[in-house]
Every structure is written in C-alpha cells, then in structure tokens.
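Trainee: sharing a model that was predicted from the sequence below.
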Amino acid sequence: MRQHQTQTTQKELLYIVGDAIEARSKETGSHVKRVAAMAEFIAIKAGLPDSLCDAIRIAAPLHDIGKTTIPDAILHKQGELTQDEFELIKTHAEKGGLLLDKSSMPIAKLGATMARFHHENYDGSGYPQGLKGDDIPLEARIVAIADVIDALGSVRSYKAPWSDDQIRQYVEQNAGIKFDPQFAKIATDHFCELVAIKHQISDDSPFDS
C-alpha cells in the first residue's frame, strides 16, 4: 500500500509539472496526460515489459520541460517564427535533458532522455543531435509519435486542429522519415484506440491513480 501511494504521488507530481509547462506554453492542459497514455498504449502494443510501459507513462509528462527556458515573446508568438527564433525554440530539447539530468531518480533520467531526444527524426534529420534509427532511444521514439498525434489534433495559437484522417495519414506517410516504422505502424493500426484515449482524457480530466 505504501509503495502504491508513493507511485501514485510521484505520477501526480509529474503530471502537475507537465501541466505547468503546458500552461506556460498556453497549450491544452491535458496534453501531457494524453501523451503519457498514448505512449504507454504504443509501448504495450509493442510488447515491451510492463515495468517499462508504466515508467514511460510516468515520465512522459516531462518531455517538454525545456520549454520553461524559452522567452515568452518567442514561446507565445503569433504566426511564423523567424529562423533565429526557431533555432532558439529547438534548444528546449537539450535544455530539458540537462534540467532532468540533475536528478538521480530513475524516472527523471527516463524523462531526460525523452526531453532531449523526442524531436530526433528516424532518418537523422531531427535535433538536437541528428540521431538516426535505433540510435534514438526507444522511449523517445515512442513519445515522439504520441506527442505529434495529440499536438496535431489540438488547437494551438498558430494552427487549427487537424482531422483524425489527416493525422493518421501524416503518421503513415512519415514512417521511416520522422517516426520509427514499427511504432508508426502500431499507431496507424490502432489509431481508433488512440483517438479514444484522446477523447477520454479531456482538458479538465482528474489525475488517474
């Protein structure tokens, strides 16, 4: 019982941190909960160990913690970013990893990997290190897909939400380019279930236990 309470408290605290990051970004409050749930779902369908699937869900809310280091004027800018502004935005990945590296907690270390590498692309065209294929940590490859699926389907200051069909096609078309082909196939094969997760976790959903 004590261990369960500790795990539940830890999970809720990480969701709160994730919500604070999203609130500063003026994005949807439950984005981090949906990303966490979708990432866990993909990990389960990939046949990963239960302990890793659970750890992915707990750590995933920290994937964008580096956004706290980006100036408001750029983070909240309406319209297209300049090249210099975009380069600054890109630093949130490495900075997020550095912030979480300061902790000795295994979950924080997992979160650091997600934060640092969730913008790497499978073909090597991503950032911050231009990693390619299986050189990108597995947990970051999973979170990258979950993050994009939810972000594309959500309202942002710079775009309207995409339709479910548009998002599914985007993931399918970018398999082997942006996304790990294995995880992209899981996402497209089970897309209806991922959409159901999105609808189940609204922006005012309570923390789960």
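Mentor: Structure's in. What do you need? All values reported here derive from a predicted model rather than from experimental measurement. Numbers count the residues shown, from 1 in each chain.

Trainee: from residue 110, how far off is the most centrally placed residue in the chain?
Mentor: Closest to where the C-alpha atoms of the chain average out (CA atoms, centre = their mean) is residue 147, at 3.9 Å. As judged by CB to CB, to the nearest Å, residue 147 and residue 110 stand 15 Å apart. Any C-beta I mention is one placed from the backbone N, CA and C, and that applies to glycine too.

Trainee: same check, this time on residue 196
Mentor: Distance check for residue 196 against residue 110: by CB to CB, it reads 26 Å.

Trainee: ditto for residue 161
Mentor: Applying CB to CB, the value for residue 161 to residue 110 is 29 Å.

Trainee: now for the residue nearest to residue 77 when sequence neighbours are not counted, how many residues are close by?
Mentor: Nearest residue to residue 77 in three dimensions, chain neighbours excluded: residue 85, at 6.9 Å (CB to CB, 6 or more residues apart in numbering). If you count neighbours by other CB atoms under 10 Å, residue 85 ends up with 16.

Trainee: residue 64 now?
Mentor: Residues within reach of residue 64, counting by other CB under 10 Å, total 27.

Trainee: again, but for residue 71
Mentor: 11.

Trainee: mind checking the SS state of the spatially closest residue to it that is not a sequence neighbour?
Mentor: With CB to CB, 6+ apart as the criterion, residue 71 has its nearest non-adjacent residue at 7.8 Å, and that residue is residue 88. Here residue 88 is recorded as helix under DSSP: H, G, I helix; E, B strand; the rest coil.

Trainee: tell me the contacts of residue 88?
Mentor: Counting by CB atoms under 8 Å, 6 or more residues apart in numbering, residue 88 touches 70-71, 74.

Trainee: how about a markdown table for those, with secondary structure, pLDDT and distance to residue 171 added?
Mentor: Formatted as a markdown table, the contacts of residue 88 follow (DSSP: H, G, I helix; E, B strand; the rest coil; pLDDT from 0 to 100; distance: CB to CB, whole Å):
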| residue | secondary structure | pLDDT | distance to residue 171 |
| --- | --- | --- | --- |
| 70 | coil | 89 | 26 |
| 71 | coil | 89 | 31 |
| 74 | helix | 86 | 28 |
